[in-house]
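Chemist: Just need the structure, nothing else, for what follows:
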Amino acid sequence: MLVASLQNVAHSYGVHEVLTNVSLTISTGQRLGLIGANGSGKTTMLRILTGEELPSGGMVVVPKGVRVGYVPQHVSYRDDDSVWDCIAVEHKRLSETLRMQEERLSVATPENMDQILRAYQAARDDYDKVDGDRFPHRAETMLDALGLQGKMRQPVGSLSGGEKNVVSMTRALLKDPDFLILDEPANHLDYEGVAWLEDFINRFKGAVMIVSHNRYLLDRVVNGIVDLSAGLVKYYEGGYSSYRATRLRDLLAQQSDYIANQKRLSRLEQLVKRFEQIARATADPAWGKRLRARRTQLEREKGNAVDEPILGPDKIDAAFTTEASQAKIALQLRGYSRSFGPRILLEDATLDIACGERVGLVGVNGSGKTTLLREIVANGAWDHDVIRVGPSQTVGYSAQEQEILHTDRTIMEEIRATATVSAKGAFALLSRFLFARNDVDKRIGELSGGERNRLQLARLMLLKPNFLILDEPTNHLDIPASEAIEEALDNYEGTLLVVSHDRYFLDKVIDRVVEVRDHSLHSYAGNFTEFWHARKEERAKVVGRITKRGQHRTRQKQSRLPEDAAALERRIEATEQEKAALETSLEDAFNGRDRRAGHRVQKELDRVNTLIDELYQKWMSVTAPQ
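Modeler: As a prediction, this is how the structure comes out:
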């Protein structure tokens, strides 16, 4: 079933053209990932699909009766409204309409009975479409699954950014939409929330369009990628990894055509120059005619020339350098406790981080991760009784809410207040983080979330700290920017403590996970994937211990499950690493203009992608509930 289509859609903001000629058809069962650089028009395209914004040109078609659920990237609620007030707006309207029609029906006369009955039936149908009687139960169940258990009546102003995102998600899903539109839905979700989201999207029967920089999520849930670039869209089958490989292969082929085309144009230009010399040296009018013909041919060839392939948008050029620390201790927590009123976050917690370690701090939303980082930055000192930061440690902090930036300063003022640097040096640094000359006088309060994050990271590059504390450093960044930050942190030689919901990012940059759970800090050696496997094995053991004696056979299957699943997960991880290496080789072939090598690598990459799909199918069958 068709749920939406864009037909030659264009849109501009003043003289700035965002969409030029976008055509796309979306049908039930499609799960599309919409990707593109920040500012490319992704959110504009989503708002046009939902009807919140009208296009400057073209046509948008959403068939009558198609219910659209939209989760915007940024939502605002009145702080004193409860969570229930926020998610039940439509339900309350339908309930009130139904109640009003019931009251009219109770006093109807024979003369107006038919009219009132029709109105009542329409109200009843609308109410039943959203399963109105079960709506409160469905809402509570969904909030529980997304980590807001018991918060139905809590003021929304008391929630974290991630929890508000969950409220918006719940509100959209409870509409039982045919077409679900999600703009960065994983932002602020904890790892369990992302796992729930992944499972939900895979089971969703309608159509989905999702904007996300979470590459792991895109690989696991979408069956098509829509690449928005230069105001146009291009569709690719498969997930993000498949898109990236296909795009690199296409660029490699385009590069070969471009080189051949440039050689042909060069020969034609030389021929035109030669004809010009002959025409000037002879009085024969035939040479003038030949010269005009060749000039016409050259102009025609230039007009039809193959465009030079571009690998992608400009990338952040980050490099976090620091002097090696001679100390052994970066951070020690001894008896750390934190609570808000009766709510305990951490109690008598202990943690040791050695210099040079790379630690990821994870936990469900509201567990106290950001609070802990803020206290380390604000109060950590070698002589502190509870939060001891090594004496030779220089801490650099990137805040999730970006509160360390001064909103009344310009970008240039903020950088020059951070450290002694000339205006020329400051701009050279800012340009590495994709700020243009006309950006540097912008007030920080006017910047987008992505721009503020890039500015925070630029400050850290200037400060050269040997202990980086990063709270969601890739929030609001597009995929190329996230990959550039990953690469820079991978080469960083200092100590790293990072909070992130991006699994790809964590797997790339950390070698130990510390989980906030049960008011304590639990340490796991390895990257996030290894931690996730360990946690699942722990849960399987707990399930095995509480299984009743009469379910002996089921318990035996469960006891074998972690080993079988773990073996498959290790194979998946190794194969994913092989895929990443092949993608790098394919990119190298593109940069080296070696089409033959690119073709060989692409064939191998296709084989590995097929193997990964097979391994995931086996893993799903092994881990399916018995």
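
Chemist: lowest confidence element among the helices and strands of this protein?
Modeler: Confidence across the helices and strands of the chain bottoms out at helix 552-591, with a mean of 66, counting by mean pLDDT, DSSP states H and E.

Chemist: how close does Asp178 sit to Asp125?
Modeler: 16 Å (CB to CB, to the nearest Å). In this view, the C-beta of every residue, glycine as well, is placed from N, C-alpha and C.

Chemist: That should have said Leu373, apologies.
Modeler: Per CB to CB, Leu373 is found 51 Å from Asp125.

Chemist: Could you check which of those two is surrounded by more residues?
Modeler: In this view Leu373 and Asp125 are compared by other CB atoms under 10 Å, and Leu373 has more residues nearby, 21 against 10.

Chemist: Retrieve the pLDDT associated with that one.
Modeler: The pLDDT attached to Leu373 in the predicted structure is 95.

Chemist: That one sits in which helix or strand?
Modeler: Element membership of Leu373, judged by DSSP states H and E, is helix 369-379.

Chemist: what comes up buried for that helix?
Modeler: By 16 or more other CB atoms under 10 Å, the buried positions in helix 369-379 come out as Lys369, Thr370, Thr371, Leu372, Leu373, Arg374, Glu375, Ile376, Val377.

Chemist: mind putting those in JSON lines, distance to Val514 included?
Modeler: Putting the buried residues of helix 369-379 into JSON lines (distance: CB to CB, whole Å) gives the following:
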{"residue": "Lys369", "distance to Val514": "10"}
{"residue": "Thr370", "distance to Val514": "14"}
{"residue": "Thr371", "distance to Val514": "14"}
{"residue": "Leu372", "distance to Val514": "10"}
{"residue": "Leu373", "distance to Val514": "12"}
{"residue": "Arg374", "distance to Val514": "16"}
{"residue": "Glu375", "distance to Val514": "15"}
{"residue": "Ile376", "distance to Val514": "12"}
{"residue": "Val377", "distance to Val514": "17"}
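
Chemist: Looking at the residues you listed, spot the one nearest Leu19.
Modeler: Each of the buried residues of helix 369-379 was checked against Leu19 using CB to CB; the closest is Thr370, at 36.3 Å.

Chemist: surely that closest one meets Val499?
Modeler: Yes - the pair Thr370 / Val499 is scored as a contact, 6.9 Å apart, by CB atoms under 8 Å.

Chemist: okay, and the common contacts of the two?
Modeler: Any residue near both Thr370 and Val499 by CB atoms under 8 Å, 6 or more residues apart in numbering counts here, and that gives Gln400, Asp471.

Chemist: so where is this protein shaky, pLDDT-wise?
Modeler: The model of the chain has pLDDT under 70 over residues 161-162, 188, 254, 306, 309-314, 539-564, 586-599, 613, 616-617, 620-626.

Chemist: Ile415 looks like it's in a helix, true?
Modeler: Yes - per DSSP: H, G, I helix; E, B strand; the rest coil, Ile415 lies within a helix segment.

Chemist: Give me the neighbour count for the closest residue to it other than its chain neighbours.
Modeler: If the residues on either side of it in the chain are set aside, Ile415 comes closest to Ala426, at 4.5 Å by CB to CB, 6 or more residues apart in numbering. When counting by other CB under 10 Å, one arrives at 22 neighbours for Ala426.

Chemist: What of Thr109?
Modeler: Using other CB under 10 Å, Thr109 is surrounded by 7 other residues.

Chemist: In terms of helices and strands, where is it?
Modeler: With elements delineated by DSSP H and E, Thr109 resides in a region that no helix or strand encompasses.

Chemist: Equivalent analysis for Ala484, please.
Modeler: Mapping Ala484 onto the secondary structure by DSSP H and E places it in helix 479-490.

Chemist: so what does that helix touch, helix or strand wise?
Modeler: In this structure, helix 479-490 makes packing contacts with helix 449-463, helix 503-509, judged by 3 or more CB pairs under 8 Å, 6 or more residues apart in numbering; DSSP states H and E.

Chemist: starting at the chain centroid, how far to the first one?
Modeler: Relative to its chain's centre, helix 449-463 lies at 18 Å (CA atoms, centre = their mean, to the nearest Å).

Chemist: quick one: that helix to helix 479-490, angle?
Modeler: Orientation check (axes from the mean of the first three to the mean of the last three CA atoms, to 10 degrees): helix 449-463 against helix 479-490 gives 20 degrees.

Chemist: How about helix 449-463, which residues are buried there?
Modeler: 449-463.

Chemist: And for the helix holding Leu373, what's in contact with it?
Modeler: Contacts of helix 369-379 (CB under 8 Å, 6+ apart): 160, 331, 336, 338, 345-346, 361-363, 387, 389, 395, 397, 399-401, 469, 471, 497, 499, 516.

Chemist: Filter the residues you listed down to the buried ones, PyMOL style.
Modeler: Isolation of the buried members of those (16+ other CB under 10 Å) is achieved in PyMOL through the command below:
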select buried, resi 331+336+345+346+361+362+363+387+389+395+397+399+400+469+471+497+499+516
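
Chemist: Residue most distant from the centroid, the chain?
Modeler: Ala283 (68.4 Å; CA atoms, centre = their mean).

Chemist: and that residue, how far is that from Ala293?
Modeler: For Ala283, the distance to Ala293 under the criterion CB to CB works out to 19 Å.

Chemist: Same question for Glu578.
Modeler: In this structure, Glu578 and Ala293 are 55 Å apart, going by CB to CB.

Chemist: for Arg517, same thing?
Modeler: Distance, Arg517 to Ala293, using CB to CB: 78 Å.

Chemist: Next: Pro155.
Modeler: When CB to CB is the yardstick, Pro155 and Ala293 sit 79 Å from each other.

Chemist: Compare these two (neighbour count), which wins?
Modeler: Under the criterion of other CB under 10 Å, the comparison of Pro155 against Ala293 puts Pro155 first, with 15 against 11.

Chemist: The residue nearest to Ile415 and Asp439, how far apart?
Modeler: Here the distance between Ala426 and Asp439 works out to 12 Å (CB to CB).

Chemist: Likewise for Leu463?
Modeler: Plainly put, Leu463 is 21 Å away from Asp439 if you go by CB to CB.

Chemist: Surely Asp348 forms part of a strand?
Modeler: Yes - Asp348 forms part of a strand when assessed by three-state DSSP.

Chemist: contacting residues for the nearest residue to it once chain neighbours are set aside?
Modeler: Residue nearest to Asp348 in three dimensions, not counting chain neighbours: Gly335, with 5.2 Å by CB to CB, 6+ apart. With CB under 8 Å, 6+ apart as the criterion, the residues that contact Gly335 are Asp348, Ala349, Thr350, Val386.

Chemist: now swap in Arg517 and tell me
Modeler: Under the criterion of CB under 8 Å, 6+ apart, the contact partners of Arg517 comprise Gly363, Ser367.

Chemist: For Thr495, what are phi and psi?
Modeler: When read as degrees, to the nearest 10, the backbone of Thr495 gives phi -90, psi 140.

Chemist: Show me what it bridges to in the sheet.
Modeler: When bridges are assigned using DSSP bridges, the partners listed for Thr495 are Phe467.
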